[in-house]
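# The sequence isn't on hand, but the structure is:
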Ligand SMILES: [Cu+2]
């Protein structure tokens, strides 16, 4: 008996806990996983660059865009599924903006797409402000089997009041509706109707003495006396009434909404790629070390210029963190401060690399961002390789992009 | 009998105690079912019930009845064979839907700000009422499973259609055709639910052309019959370790 009581008690407690858990379930709203995501995921999957947030402050109902490019890294890690089914998302804490549109290579992408390794794509996300507050807006790509790949984020302030938010949409049947509360009265109405019918049925039984006397009657063989002919008639009325209401409401709904279509789904293929100018510089990584106390990565690069104009290395970009040599390139896009090391790139000899010339240089990328964004955690990865983008400029301002991918050795002194 | 006789002094008092007991059991049953059923339904029906852009003619119609006939069958087994109360299915579904409404309203809308018109729960009540009446009229588990289970599956889609239909009106959006429900899913950003995990309009019923909903509903009804049997047995077995431990009562 004692054990039975204990089990009963414990299972009741367990039920209450699960009930509470169920009550508090809310869809994930947070988008701040960027720092906890494994460094190699951020460095070796999707390289976001040329990002531009059109506004830093936007009023409710106004729009802003986040646009730029992403390179699907050719050295995609073995441990992550290839981006054959991917979804261009936006990293925001729930629907603080609505996604009014998103495009890859000019094609609207409300559905999942197939991406090719090694290709670069242009993208744009149009956002309409809905809920006031300061929000971190990230670029984001979901990859089936790989999870979310979160790109750089920037703080954007929404001003105004959510009560003013409207979301007008014109249907193919010609009505303009506000999707924010469209058909909501209808939802409440039908749920209220069915709850009322169900409560009436429950009340019909609950209003009479229930458990103890009925249990006595059943265990003394008088079960059949508990359901009267009148009860059966009422039951029949409830069942028939239910079926009639379901049929009638379905009929009237079909009359009211003669044009409906099934939900639309399916993978979009053959996305238009963006052709970057052919790279004429080739880069070989001779070695790369990460100096833990200095928060700096040092690489020895052998660069050869096979083009016909002299170039200089101006930027190293990895996981959205940009290290610039201000003598070559300065940012004018208002890139997020915490991800921008304006003087973070030093090259031992950054004089123009002449056509046909080969030179070996020491390149240092140093900034607190290595620690803040936990990129240095890379050295604890099972396959501690780093990867990133190098940007070269010639005197006329023409830019070219070279990817690097090499093992990284940590030094602790 | 002896227990209740010794605890009270008059018949009137016995009736009163019995009535208090009714409310206590009812409350306990209601909250326990609400908790267990709610978490079960969230784990099995989950996104199909959360979002309008998952409520399609194939998978939602098939999945929701199959995974939701469980607790109604079990609670019916307990309330009918022990007390001849034909309310097991309705009580379960009312409890579930109240729990769902609280969750959707307070958390999905109140906390995360998804409009209620994208995250309202599915309506399971018509099937539950019919299930209870069939058990009452037939007094048979087999009949309830076969006729009731099938009816439960068949009533689901038409029972929800008046709520869903307005959201299946098509729109042209930047050169693509989609339903308003699709557009809700696109507009109201869910960072944790990328589009590709949406399981809609997939299946092997293509040969039936555009009339897939009735076929899905029949299929769902047939599987519901089996699940009904299974959970009715669970319910009977569970009802043995009764709340009232004294079997002489
Ligand atoms: Cu963030």
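Looks like it arrived, so ask away. Since we're looking at a predicted model, the values are computed, not measured.

# What separation do you get for the residue nearest the centre of chain B and residue B:131?
For chain B, the residue nearest the mean C-alpha position is residue B:68 (4.1 Å; Cα atoms, centre = their mean). Using Cβ to Cβ, to the nearest Å, residue B:68 is found at 11 Å from residue B:131. Quick note: C-beta positions are derived from backbone N, CA and C, even for glycine.

# Same question for residue A:312.
Applying Cβ to Cβ, one obtains 77 Å for the distance of residue A:312 from residue B:131.

# Between those two, tell me which one has more neighbours.
Neighbours were tallied for residue A:312 and for residue B:131 using other Cβ atoms under 10 Å in any protein chain shown; the higher tally belongs to residue B:131 (31 against 18).

# Against chain A, how distant is that one?
9 Å (Cβ to the nearest Cβ, to the nearest Å).

# burial measure for the closest residue to the ion within the stretch 101-250 of chain A, as a count.
Taking Cβ to the ion, the ion has its nearest neighbour within the stretch 101-250 of chain A at residue A:136, 3.3 Å off. Residue A:136 has 18 neighbours, counted by other Cβ under 10 Å.

# can you give me the offset of the helix or strand hosting it from its chain's centre?
If you go by DSSP states H and E, residue A:136 is part of strand A:133-143. Centroid displacement of strand A:133-143 relative to its chain, using Cα atoms, centre = their mean, to the nearest Å, is 6 Å.

# can you check stretch B:74-81 too?
For stretch B:74-81 - counting by Cα atoms, centre = their mean - the centre lies 16 Å from the chain centre.

# ok, now stretch A:303-322?
Taking mean C-alpha positions (Cα atoms, centre = their mean), stretch A:303-322 and its chain are 30 Å apart.

# Quick check: the residue nearest to the centre of chain B touching residue B:96?
Yes - under the criterion of Cβ atoms under 8 Å, residue B:68 makes contact with residue B:96 at 7.4 Å.

# what do those two both touch?
Applying Cβ atoms under 8 Å, 6 or more residues apart in numbering or on different chains, one finds that residue B:68 and residue B:96 are jointly contacted by B:41, B:124.

# Correct me if wrong: residue A:265 contacts residue B:200.
Yes - Residue A:265 lies in contact with residue B:200 (Cβ under 8 Å); the separation is 5.2 Å.

# Comparing these two, which residue is more hemmed in?
residue B:200 (23 against 19).

# What is the neighbour count of the nearest residue to that one once chain neighbours are set aside?
Nearest residue to residue B:200, sequence neighbours excluded (Cβ to Cβ, 6 or more residues apart in numbering or on different chains): residue B:56, at 3.9 Å. Neighbour count of residue B:56, defined by other Cβ under 10 Å: 28.

# What pLDDT is listed against residue B:56?
If you check residue B:56, the pLDDT there is 89.

# In three-state terms, how would it be classified?
coil (DSSP: H, G, I helix; E, B strand; the rest coil).

# correct me, but it touches residue A:260?
No - counting by Cβ under 8 Å, residue B:56 does not reach residue A:260; the two are 12.0 Å apart.

# Could you pull up the residues touching residue B:75?
Contacts of residue B:75 (Cβ under 8 Å, 6+ apart): B:29, B:33, B:88, B:89, B:91, B:92, B:235.

# Can you tell me the element the closest residue to chain A within chain B falls in?
In chain B, the residue that lies nearest chain A is residue B:35 (2.5 Å; Cβ to the nearest Cβ). For residue B:35, the element it lies in under DSSP H and E is helix B:11-44.

# After that helix, which helix or strand is next? Please name it.
Next element after helix B:11-44 (DSSP H and E): helix B:46-50.

# Residues touching that next one, excluding its own?
Helix B:46-50 is contacted by residues A:27, B:41-42, B:54-55, B:59-60, B:63-64, B:100, B:104, B:108, B:119, B:121-122, B:193, B:197-199 when judged by Cβ under 8 Å, 6+ apart.

# Give the buried residues for that helix.
B:47, B:48, B:49, B:50 (16 or more other Cβ atoms under 10 Å in any protein chain shown).

# Grab the nearest non-local neighbour of the residue of the stretch 101-250 of chain A found nearest chain B.
Taking Cβ to the nearest Cβ as the measure, the point where the stretch 101-250 of chain A comes nearest chain B is residue A:142, at 3.4 Å. Excluding the flanking residues, the one nearest residue A:142 by Cβ to Cβ, 6+ apart is residue B:194, at 3.4 Å.

# Might one say that the one you found is in contact with residue A:110?
No - at 11.7 Å, residue B:194 does not count as touching residue A:110 under the criterion of Cβ under 8 Å.

# Tell me where the model's unsure across the chain.
No chain in the question, so chain A it is. Where chain A drops to pLDDT under 70, the residues are A:1-4, A:7-8, A:12, A:15-24, A:26-36, A:382.

# switch to chain B, that's the one I care about
For chain B, residues meeting the criterion pLDDT under 70 lie at B:1-8, B:202-210, B:241-249.

# Spell out, range by range, the strands that occur in it.
Applying DSSP state E to chain B gives strands spanning B:170-173, B:176-179.

# Mind putting the ones you listed into CSV with distance to residue A:157 and mean neighbour count?
Putting these into CSV (distance: least, Cβ to Cβ, whole Å; neighbours: other Cβ atoms under 10 Å in any protein chain shown) gives the following:
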stretch, distance to residue A:157, mean neighbour count
strand B:170-173, 28, 18
strand B:176-179, 31, 19
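
# For the ion, find the nearest of those strands.
The nearest among those, by Cβ to the ion, is strand B:170-173 at 28.1 Å.

# What is the closest one packed up against?
Where contact means 3 or more Cβ pairs under 8 Å, 6 or more residues apart in numbering or on different chains; DSSP states H and E, strand B:170-173 is packed against strand A:168-170, strand B:176-179, helix B:180-187.

# What are the contacting residues of the last one?
Meaning helix B:180-187. The contact list for helix B:180-187, computed with Cβ under 8 Å, 6+ apart, reads A:95, A:98-100, A:110, A:167, A:169, A:171, A:177, A:179, A:182, A:263-264, B:51-55, B:115, B:117-118, B:164, B:166-171, B:173, B:178, B:195, B:198.

# Of all the residues in chain B, which one is nearest the ion?
For chain B, Cβ to the ion, closest residue to the ion: residue B:191, 10.7 Å.

# Pull the number of nearby residues for that residue.
Neighbours of residue B:191 (other Cβ under 10 Å): 23.

# I'd assumed residue A:141 was in contact with it.
No - using Cβ under 8 Å, residue B:191 is not in contact with residue A:141, being 11.5 Å away.

# Name the residues contacting each of those two.
By Cβ under 8 Å, 6+ apart, the residues touching both residue B:191 and residue A:141 are A:89, A:148.

# one step back: pipe the strands of chain B into CSV and attach distance to the ion per row.
Output for the strands of chain B, formatted as CSV (distance: least, Cβ to the ion, whole Å):
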stretch, distance to the ion
strand B:170-173, 28
strand B:176-179, 29
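
# want to try CSV for those strands, with distance to residue A:195 as columns?
Supplementary listing: those in CSV, determined by distance: least, Cβ to Cβ, whole Å:
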stretch, distance to residue A:195
strand B:170-173, 31
strand B:176-179, 27
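
# residues contacting the closest residue to residue A:105 other than its chain neighbours?
In this structure, residue A:105 finds its nearest non-sequential neighbour in residue A:272, 3.1 Å apart by Cβ to Cβ, 6+ apart. By Cβ under 8 Å, 6+ apart, the residues touching residue A:272 are A:104, A:105, A:106, A:107, A:121.
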